[in-house]
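Participant: What shape does this take:
(one chain, ligands or ions: 1)
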Amino acid sequence: MKCSTRSCLSLSCKPVITLACGTTLQADGPTLLHSLSPIGHYSECRNGYCGACKTTKLSGDVKYLKTPMAFLKPGEILPCCCQATTNIKLDLHLSGSASSAATSGEIIDEPS
Ligand code: FES
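Facilitator: A predicted model of the protein is given here:
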């Protein structure tokens, strides 16, 4: 995976996911949805059919592991069936309940 951070020298560094609220998470796991689990991102089918996980991508790139079947507008992605290939920014906000539930350490930084 190509690193999009100029100062990073690691060959195995993983993309960073930045939420619109400023919270950052490490992209890890088989899909982007796995990376969003600390914030409790809503999903249903987890297979690209229902569109429940639909999210607006503000910047960065993703690759789909399989062709999604749900309808997407320009800029929208389905985290359940894609992976981040660069650092990305998503139009998501960390809710209070998700913040207190996030104990896995996957959140890199959370604005105060
Ligand atoms: S959870 Fe159904 S499309 Fe992502």
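
Participant: Can you classify residue 33 by secondary structure?
Facilitator: Under DSSP: H, G, I helix; E, B strand; the rest coil, the three-state class of residue 33 is helix.

Participant: ok, now residue 83?
Facilitator: Of the three states, residue 83 takes strand under three-state DSSP.

Participant: For the protein, which element, helix or strand, carries the lowest mean pLDDT?
Facilitator: Ranking every helix and strand in the chain by mean pLDDT, DSSP states H and E puts helix 96-101 at the bottom, with a mean of 50.

Participant: what's the helix or strand following it packed up against?
Facilitator: Toward the C-terminus, helix 96-101 is succeeded by strand 107-109 as the next helix or strand (DSSP states H and E). Helices and strands touching strand 107-109, by 3 or more C-beta pairs under 8 Å, 6 or more residues apart in numbering; DSSP states H and E, are strand 24-26. Placement of C-beta: from N, CA and C, glycine included.

Participant: and the strand it packs on, which strands flank it?
Facilitator: Strand 24-26 sits in its sheet next to strand 16-19 (antiparallel), strand 107-109 (antiparallel), going by DSSP bridges.

Participant: Throw those into CSV and include distance to residue 49 and mean neighbour count, thanks.
Facilitator: What follows is these, written out as CSV (distance: least, C-beta to C-beta, whole Å; neighbours: other C-beta atoms under 10 Å):
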stretch, distance to residue 49, mean neighbour count
strand 16-19, 23, 22
strand 107-109, 29, 14
